[in-house]
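Peer 1: next one to model:
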Amino acid sequence: MADAKRKSDGRDKGRRRYRSDGTPIWGQRSVDGPGKEKQAVGELYDVFDTLASGLWPDGSAQQKDAGDETDEEDDNGDLEKQIAKEVASMKRPRKEQRFASFQTNTPCVIFISCKPPVNPVQLVVKYVQDVVATGVTNSRYVQRLTPISATCPVNIPEIQSLCRRVVLPFFASEPDKKYSYRIELRLRNHNTLSKSAIIQEVAKCVPEGHKVDLENAEVFILIEVFKSVCG
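Peer 2: As a prediction, this is how the structure comes out:
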């Protein structure tokens, strides 16, 4: 009986588990994995490039298309010019990429950096708005997106400096308006600083007059601590 039970447990281990009402049980992950991080990065490149082209167009694509049309007219029927054009295009330096993925060495967690003028908060907000409007996510493997405005090492002086660069300018943009706010902190693979210590330091950076509201906050201050990096 014991051997039979072990074999049964081994077979059931890889099966999808269900609740009593028949719905499947899923874990909350940033990436639907593990093992799907590469696919998630690929689909996010496509989604982010499409959104960024609409929010921050650089006009290079239009210029390239116009130039190609002119070249085609000039090179029509001239084989040598067409070959020279192909060789020149091969030697042309690649266009700088807006997004780059970095290894986290952690299952189900990926990090993608973006270059100016791309704003990660505006990018993610636009993505969510499009999903709400269309009902289409355009992402199969990604379960959660967290925009990071800036990063720093996980120590109190650096966190205070980061808050002055990110949090203070937001409240200073409308000095006469008073907000209700909430600080949300998520720690992952970190045990040096406690959650309460980080929240207290961030709260000190919020100007006086704004109040904490855990139920109906107007402003959310999102903090992510991953290993030795705070964002």
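Peer 1: contacts and neighbour counts: CA atoms only from here.
Peer 2: Fine.
Peer 1: pLDDT score for residue 131?
Peer 2: Residue 131 is assigned 92 on the pLDDT scale.
Peer 1: ok, now which ones touch it?
Peer 2: Listed by C-alpha atoms under 8 Å, 6 or more residues apart in numbering, the contact set of residue 131 reads residue 137.
Peer 1: contacting residues for residue 221?
Peer 2: Residues near residue 221 by C-alpha under 8 Å, 6+ apart: 167, 181-184.
Peer 1: quickly list what it is bridged to.
Peer 2: residue 183 (DSSP bridges).
Peer 1: show me where the chain has its strands.
Peer 2: Shown for the chain, the strands assigned by DSSP state E span residues 99-102, 111-114, 152-153, 180-188, 211-212, 219-226, 229-230.
Peer 1: JSON lines for those, including distance to residue 36 and mean pLDDT?
Peer 2: Below are the strands of the chain laid out as JSON lines (distance: least, C-alpha to C-alpha, whole Å; pLDDT from 0 to 100):
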{"stretch": "strand 99-102", "distance to residue 36": "14", "mean pLDDT": "88"}
{"stretch": "strand 111-114", "distance to residue 36": "14", "mean pLDDT": "90"}
{"stretch": "strand 152-153", "distance to residue 36": "28", "mean pLDDT": "92"}
{"stretch": "strand 180-188", "distance to residue 36": "19", "mean pLDDT": "93"}
{"stretch": "strand 211-212", "distance to residue 36": "38", "mean pLDDT": "94"}
{"stretch": "strand 219-226", "distance to residue 36": "20", "mean pLDDT": "92"}
{"stretch": "strand 229-230", "distance to residue 36": "23", "mean pLDDT": "92"}
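Peer 1: just put those in a markdown table and tack on distance to residue 173.
Peer 2: Converted to a markdown table, those look like this (distance: least, C-alpha to C-alpha, whole Å):
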| stretch | distance to residue 173 |
| --- | --- |
| strand 99-102 | 28 |
| strand 111-114 | 24 |
| strand 152-153 | 23 |
| strand 180-188 | 16 |
| strand 211-212 | 17 |
| strand 219-226 | 14 |
| strand 229-230 | 24 |
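Peer 1: which one, of those strands, ends up nearest to residue 132?
Peer 2: Among the strands of the chain, strand 219-226 comes nearest to residue 132, with 19.9 Å by C-alpha to C-alpha.
Peer 1: just how off-centre is that closest one within its chain?
Peer 2: 13 Å (C-alpha atoms, centre = their mean, to the nearest Å).
Peer 1: same question, stretch 189-196
Peer 2: Worked out by C-alpha atoms, centre = their mean, stretch 189-196 lies 22 Å from the chain centre.
Peer 1: drop anything exposed from the contacts of residue 221.
Peer 2: Neighbour counting by 16 or more other C-alpha atoms under 10 Å classes 167, 181-183 among those as buried.
Peer 1: the residues you listed: which two are farthest apart?
Peer 2: Distance extremes for these: the farthest pair is 167 and 182 at 12.3 Å, using C-alpha to C-alpha.
Peer 1: where does the protein dip in pLDDT?
Peer 2: Applying pLDDT under 70 to the chain flags residues 1-34, 59-78, 87-96.
Peer 1: now do 80
Peer 2: Counting by pLDDT under 80, the chain contains low-confidence ranges at 1-35, 58-96.
Peer 1: all the helices of it, in order from the start?
Peer 2: All helices of the chain, identified by DSSP state H, fall at 2-13, 37-55, 60-74, 79-91, 120-134, 156-172, 195-204.
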